[in-house]
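**Student:** For reference, the sequence and a predicted model appear below.
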Amino acid sequence: MIKITPTLGLPEDELRFQFKLASGPGGQNVNKVATAVELRFDVARSPSLPEPVRARLLALAGSRVTQEGELLITARRFRSQERNRQDAIGRLVALIQKAATPPKPRLRTKPSRAAKQRRMDEKRRVGEKKQTRRPVGSAGE
């Protein structure tokens, strides 16, 4: 069980790992050992996620989610398979933690009286500036 928040956990059997050859650091190892990790997590059908968290996670993940609702995380930063696996899990946990915290509701605010006055003064100034640009004979037309 992967602990995400005090109330939210994720069973490891919901995660699927696929190992691939990675580009980047690794020397002679890079062409022989599949160290890159592709983690797949079925967000759409996971029984572990509450519905609001699932919706926020799908929105946060964006293009990393396939059309079937699977979240795809690729980790190839390290030279060992195990460290890449831990990196992928860490990134998944961070993403779910971010989705688990509900957004703070926006508090509606009113502009202050001074702000309204500044706005009206500026509008008046702009109007007067445009008034001075008019030709002399066209003021009443």
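**Tutor:** Yes, it's here. Everything quoted here is computed from the prediction, not taken from an experiment.

**Student:** Buried ones in the helix or strand hosting residue 52, by neighbour count?
**Tutor:** Residue 52 is part of helix 51-61 when elements are defined by DSSP states H and E. If you call a residue buried by 16 or more other CB atoms under 10 Å, then helix 51-61 has these buried ones: 53, 54, 56, 57, 58, 61. For the C-beta atoms, the positions are set from N, CA and C on the backbone; glycine is no exception.

**Student:** my guess is the second one contacts residue 47, does it?
**Tutor:** So the one you mean is residue 54. No - between residue 54 and residue 47 there is no contact under CB atoms under 8 Å: 10.4 Å.

**Student:** what about the helices in the protein?
**Tutor:** Secondary structure of the chain, counting by DSSP state H: helices at 51-61, 81-100, 113-133.

**Student:** burial measure for residue 89, as a count.
**Tutor:** 20 (other CB atoms under 10 Å).

**Student:** ok so, going back, next, the angle from the helix holding residue 52 to helix 81-100.
**Tutor:** 120 degrees (axes from the mean of the first three to the mean of the last three CA atoms, to 10 degrees).

**Student:** quick one: average pLDDT of helix 51-61?
**Tutor:** Averaged across helix 51-61, pLDDT comes to 85.

**Student:** Which strands and helices lie in contact with that helix?
**Tutor:** Helices and strands touching helix 51-61, by 3 or more CB pairs under 8 Å, 6 or more residues apart in numbering; DSSP states H and E, are helix 81-100.
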